[in-house]
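*Asks:* give me the fold of what follows.
(chains A and B)
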Amino acid sequence: MYALKHEENVCATCPSPDCLLKCQYMEFSKEDAHKEIMKVVRGEDSVVLKDCTTCYACEEYCSRGNHPYYLICERREEKGILTAPRPITNQWINMTEMQGKFMTGSVEDTVMSCCMLPELKKLGSGDIFAEIESSFVFGAEFMCPAVHTHFAKPSVIKERLPKVLERYKGLGVKKVVCMHDECYGTFTSIAPAYGMEVPFEPVYYMDYILERLKDLKERIRPLGLKVVYQRPCSNRLIPDKFPLVEKILGKIGVEVLNRTYDGENCLCCGDIVRAICGYQAADDIQKRNVDDMAASGAEYCVFNCPFCQSALSDKVSKAGLKPVHIIDLCKMAIGEKEV
Amino acid sequence: MKDILKPLVDIVGEKAVSNHEEDLWYYSRDPGVLEPKRPDYVVAPKTTEQVQAIVRLANEEKIPVVPMGNGMSLTGIVRPLKGGIVMDMKQMNKIVEVNDRGRYVVVEGGVSQGQLKAYLEDNYPHLRHSIPDAPPGTTIAANVALHGQGRLSMQYGFNSDMVTGLEVVLPNGEVCKIGSWCMGPYWFSKGPSLPDLSGLFLGWLGTTGVLTKVGLRLYPQKKLRDVEIFVVDRAELVEDIIYRLSHTEMTEDLTVWFQPKPLMFKGNYHITVYFTGDTEEEVEFKRKLIWNAVQSYIDSKDGGFMGIAPMKSGLLEQPQRTISVFADVPKGGGFEYSGPITLVENFPEYTAMFEEIAAKYNLLYAATIRVIAGGHAMMYGMSFAFNRADQEMMDRVKTALDEATEFALDLGGIPWKPNVSEQAMAIQRMDPSTLSLMKMVKENLDPNGIMNPGNWEVN
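*Replies:* Residues are numbered from 1 along each chain as shown, chains lettered A, B, ... in the order given. Presented below is the predicted three-dimensional model:
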């Protein structure tokens, strides 16, 4: 069985317990933050195990790479602490079960991973993805199981992720273009944290787009738009990729406006919080987030994650902003979609 | 049986009567598992006078008459068990009157659910009726005749409770006006404050007369509708959750459903909660009350609201089409359900037995149960899917359905739109005084036993 690589001493000697100190959903003094994370480390009861909303942010806040978020998940499962209601947790486990209903295209050395989200297959089309559009995989057999961290079920990840990796290995692919941050985060953060070997080179889709935009440079017509960006939770697993958003948008003439809940301070889309805590917490988060977007004066709200887009599109529209996925913005810029 | 083709042609015209084998084949069956029963004639009247003439003829010749809406009951109610005439009512399809401010409609006996829905959407978009989750071609009259349910049954009771009057052709051919329109122009009450004679016809499955007109209550069509699904994994929690949700009086409709496929639904009981409003504020206000009502289950981790974004458009459809998808899972496109009505408190026991029966007969199931009239009862639709080309599978379904109904009746339930064997189970359990009264009604209204014979055979 795979085990999380976590160094107790790294936490014990941490000069600034940012994992909890910066948490947007729980408040701690520096001293208490250190005490509570050490309780988690030692497997003792902690308020963190009860109140964590699973926003992933502590993975980013920890500057020492000691995986506080994965540790919280582990401890919760060890103690039988559920995040979401039991029936919802089981529903997610069942829904993402491998049942042999996956799809693969004409797989080549480089393959596009559409995870288990049909929207990603639709987004991964057109001239930007022309070279890999037909070389795709889709379905639970290729799905990154990172979502189960939201439900404090790392055992599901430890059971399923090796099978996913094995299936990719069986295809003989060399590169996997991950169309969802969750997948890229799984292969580059979760897998190494559990000592799993990834038998291919994971490619983040925004890196892929940046390269393609170089090829398609002549076709780019700057959009001249002002936007805000909804950063997804799973981008916290791969914070080094966050700057790519501005790079891409800069290339297509889109200005990202500053706002309070941006970058490291970004707020969760609220969907998981709704399932875990109920509507009050989710409504509060969504309202603060959308009000902040509206106050920026942006015309568009740019999404990266289809879940965030689904959770917030209606609310964003009602606030007067147009919801759009970053890929669709790129397609607009090269004339494939109407602005 | 005497040849009555010519007299029937004289009544309705050549195009509206048939004894051709292909027509008789079609009218001998419904989509459920019960075996076909061949009629001798099929006739499609256009007017109440034609219905009267046909019934008089049948009474003289002692030939059975089976009034039929769209023939979709699934429980074989309009199969002509003793041959005779199947009277297809679909040509009597006029919407006679809408009283906007009185919120009722009067329709002829063959008006379909889909027709009325479309008519109201086009002409009275602020009004609606209680649409059952049945194919749009099913008729209003048939639905109330078997005490049907619909999307507003949670708030207002069985669809037959929404009847505001009837025009009935009695088995002797006389026309009878039932309700307030028997003494004035208005169809606002089927009975009160007069003696409620509608009970002589509603629930009798066409064995006491032919419904040629139905008055039906209409209700406000709110501008916005939304839905949430609360999920639990323990059947014994359902009763309390229904009690809490119905206590809010904020729900348009409440249904409970469970099914093992697709896998994401396995092991859970889903409570679908619909709510409406004319403004977003109203909808959100209701949503909050609904969430608050069950928040303690979320806190205890025993239940929660599931994400429904990809399913939402289907859930908001009226009627919902998903049941047709279920019917085709084993291929062959058939399904039939046992539909007892019982108290909400019986939910755990009945569902456990149902799941046991499904396993025993190796059948795929999907169960949908509607809460009636604020929680007084639940109306079950415990469906088994089957392949129409597989008689052995159909036999298993029939046996399983009978067992499920037996169990529900033993729990104190009553059967909804019962097939012949379920009627027999009900009769067997009825108090003799009830049976005796039913017998008196039947013998007096239909002394020759021509109306849908074989059903409700209390004699």
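*Asks:* just the CA trace of stretch B:330-350, in PDB.
*Replies:* Listed next in PDB are the C-alpha coordinates belonging to stretch B:330-350 (Å, rounded to 0.1, in the frame of the first residue of the first chain):
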ATOM      1  CA  PRO B 330     -32.400  -4.600 -20.400                       C
ATOM      2  CA  LYS B 331     -33.300  -3.900 -24.100                       C
ATOM      3  CA  GLY B 332     -36.700  -4.600 -25.400                       C
ATOM      4  CA  GLY B 333     -38.300  -1.400 -23.900                       C
ATOM      5  CA  GLY B 334     -40.800  -2.700 -21.400                       C
ATOM      6  CA  PHE B 335     -41.500  -1.800 -17.800                       C
ATOM      7  CA  GLU B 336     -44.300  -2.100 -15.400                       C
ATOM      8  CA  TYR B 337     -44.800  -1.100 -11.800                       C
ATOM      9  CA  SER B 338     -46.500  -2.100  -8.700                       C
ATOM     10  CA  GLY B 339     -48.300   1.000  -7.400                       C
ATOM     11  CA  PRO B 340     -49.500   0.700  -3.900                       C
ATOM     12  CA  ILE B 341     -50.500   3.700  -1.800                       C
ATOM     13  CA  THR B 342     -49.600   3.600   1.800                       C
ATOM     14  CA  LEU B 343     -48.300   5.700   4.700                       C
ATOM     15  CA  VAL B 344     -44.900   7.300   4.600                       C
ATOM     16  CA  GLU B 345     -44.000   5.300   7.700                       C
ATOM     17  CA  ASN B 346     -44.100   2.100   5.800                       C
ATOM     18  CA  PHE B 347     -41.400   3.200   3.400                       C
ATOM     19  CA  PRO B 348     -38.500   1.300   5.000                       C
ATOM     20  CA  GLU B 349     -40.300  -2.000   5.300                       C
ATOM     21  CA  TYR B 350     -41.800  -1.900   1.800                       C
END
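*Asks:* how far off centre is it?
*Replies:* Distance of stretch B:330-350 from the chain centroid (Cα atoms, centre = their mean, to the nearest Å) equals 14 Å.
*Asks:* over to stretch A:59-76?
*Replies:* What separates the centre of stretch A:59-76 from the centre of its chain is 15 Å, taken as Cα atoms, centre = their mean.
*Asks:* mind listing what's buried along that stretch?
*Replies:* Using 16 or more other Cβ atoms under 10 Å in any protein chain shown as the test for burial, stretch A:59-76 gives A:59-62, A:66-76. Bear in mind the C-beta positions are built from the backbone N, C-alpha and C, glycine included.
*Asks:* and stretch A:93-111, by the same measure?
*Replies:* Quick answer for stretch A:93-111 (16+ other Cβ under 10 Å): A:93, A:94, A:95, A:96, A:98, A:105, A:107, A:110, A:111.
*Asks:* what about it, start to end distance?
*Replies:* 26 Å (Cα to Cα, to the nearest Å).
*Asks:* ok, and what's touching it?
*Replies:* Outside stretch A:93-111, the residues that touch it by Cβ atoms under 8 Å, 6 or more residues apart in numbering or on different chains are A:116, A:131-143, A:145, A:147-148, A:151, A:153, A:156, A:160, A:163, A:168, A:171, A:173-177, A:203, B:263-267.
*Asks:* what's the answer for stretch A:180-190, then?
*Replies:* With Cβ under 8 Å, 6+ apart, stretch A:180-190 has contacts from A:59, A:70, A:113, A:115, A:117, A:120, A:143-147, A:149, A:157, A:161, A:176, A:178, A:198, A:202-205, A:232, A:234-238, A:241, A:304-306.
*Asks:* just the buried residues of those.
*Replies:* Using 16+ other Cβ under 10 Å, the buried ones in the contacts of stretch A:180-190 are A:59, A:70, A:113, A:115, A:117, A:120, A:143-147, A:149, A:157, A:161, A:176, A:178, A:198, A:202-205, A:232, A:234-238, A:241, A:304-306.
*Asks:* among the residues you listed, which ones are in strands?
*Replies:* A:113, A:176, A:178, A:202, A:203, A:204 (DSSP state E).
*Asks:* ok, the residues you listed vs chain B, which is closest?
*Replies:* Nearest to chain B among those, counting by Cβ to the nearest Cβ, is residue A:113 at 19.8 Å.
*Asks:* and the closest one, what are its bridge partners?
*Replies:* Counting by DSSP bridges, residue A:113 is bridged to residue A:137, residue A:178.
*Asks:* low-scoring stretches of the stretch 51-200 of chain A, by residue?
*Replies:* Within the stretch 51-200 of chain A, no stretch has pLDDT under 70.
*Asks:* and it, which of its residues are near chain B?
*Replies:* A:82, A:84, A:85, A:86, A:87, A:88, A:90, A:91, A:94, A:95, A:97, A:99 (Cβ under 8 Å from any Cβ of the partner chain).
*Asks:* now those as JSON lines including secondary structure and distance to residue B:365?
*Replies:* Shown next, in JSON lines, are those (DSSP: H, G, I helix; E, B strand; the rest coil; distance: Cβ to Cβ, whole Å):
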{"residue": "A:82", "secondary structure": "coil", "distance to residue B:365": "28"}
{"residue": "A:84", "secondary structure": "coil", "distance to residue B:365": "27"}
{"residue": "A:85", "secondary structure": "coil", "distance to residue B:365": "24"}
{"residue": "A:86", "secondary structure": "helix", "distance to residue B:365": "23"}
{"residue": "A:87", "secondary structure": "helix", "distance to residue B:365": "19"}
{"residue": "A:88", "secondary structure": "helix", "distance to residue B:365": "23"}
{"residue": "A:90", "secondary structure": "helix", "distance to residue B:365": "19"}
{"residue": "A:91", "secondary structure": "helix", "distance to residue B:365": "19"}
{"residue": "A:94", "secondary structure": "helix", "distance to residue B:365": "17"}
{"residue": "A:95", "secondary structure": "helix", "distance to residue B:365": "20"}
{"residue": "A:97", "secondary structure": "coil", "distance to residue B:365": "20"}
{"residue": "A:99", "secondary structure": "coil", "distance to residue B:365": "19"}
